[in-house]
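Trainee: Next one to model:
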Amino acid sequence: MRIGKTEIEVLQGDITEQETEAIVNAANNRLIMGGGVAGAIRRKGGQEIQEECSKAGPIPIGEAAVTGAGKLKAKYVIHAATMGMDFDTDEEKIRSSVRNSLKRAEEKKIGSIAFPALGCGVGGFPERRAAEIMLEEIKAHLKEFADSSLKEIVFVLYDKASYDAFREAIL
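Mentor: Down below sits the predicted model:
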């Protein structure tokens with residue numbers, strides 16, 4: 001799918017292996033990188049990412065913070081706080097965290113970004129609905145930022161069920 005000058009793709013794979021300029025972490029607002037996507041990013045990227053998170057957090061739920069990407073192929077990790085430590089999430093928290101992740105990307109003039117299924121792991125949010133919300137926010141962002149630095153936005157889903165849900169919702 002293309003929106004203006006931005007290509008949107010859906011891939012099945014490991015977000016930590018993406019060669020996009022930034023990857024998005026499905027974070028809690030304390031920026032503690034425990035399990036799921038956050039744990040995978042910490043394990044592959046190194047403890048320095050958690051150390052930067054510890055200095056940046058906590059942040060409000062729905063906000064996003066940027067750190068370096070340690071040993072990952074990406075240059076940045078954007079930590080999208082879709083929930084608190086209670087792992088409770090909802091449509092507005094996902095919507096806000098996507099919106100603020102995209103704003104952080106614009107501030108850094110990032111050209112390519114990879115998103116996981118925000119809120120769908122421990123948050124338990126339905127994948128299909130998360131995909132719809134995330135795409136709505138991306139469309140609104142690209143409409144607002146006609147000269148967006150983002151030329152490539154990739155949804156990277158680890159398992160086939162998540163991939164299928166996102167692919168159906170987006171394409």
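
Trainee: Secondary structure element holding the spatially most central residue of the chain?
Mentor: Nearest to the mean C-alpha position of the chain, by Cα atoms, centre = their mean, lies residue 24 at 3.0 Å. Here residue 24, judged by DSSP states H and E, is contained in strand 22-28.

Trainee: Which neighbouring elements make contact with that strand?
Mentor: helix 36-45, strand 64-68, strand 76-83, strand 112-115 (3 or more Cβ pairs under 8 Å, 6 or more residues apart in numbering; DSSP states H and E). C-beta: built from backbone N, CA, C; applies to glycine.

Trainee: hmm, back to that, tell me the spacing between the residue nearest to the centre of the chain and residue 2.
Mentor: Using Cβ to Cβ, to the nearest Å, residue 24 is found at 20 Å from residue 2.

Trainee: now swap in residue 79 and tell me
Mentor: 28 Å.

Trainee: can I assume residue 87 is in contact with residue 29?
Mentor: No - counting by Cβ atoms under 8 Å, residue 87 does not reach residue 29; the two are 11.1 Å apart.

Trainee: now the helices for the protein?
Mentor: 36-45, 47-56, 91-107, 127-144, 160-170 (DSSP state H).

Trainee: Turn these into CSV, columns for distance to residue 72.
Mentor: Shown next, in CSV, are those (distance: least, Cβ to Cβ, whole Å):
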stretch, distance to residue 72
helix 36-45, 4
helix 47-56, 8
helix 91-107, 16
helix 127-144, 21
helix 160-170, 21
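
Trainee: Neighbouring strands - and their directions - for the strand holding residue 24?
Mentor: Paired neighbours of strand 22-28 in the sheet (DSSP bridges): strand 76-83 (parallel), strand 112-115 (parallel).

Trainee: one step back: nearest to residue 55 among the helices and strands packed on strand 22-28 would be which one?
Mentor: Set against residue 55 and scored by Cβ to Cβ, the helices and strands packed on strand 22-28 come closest in strand 64-68, at 8.7 Å.
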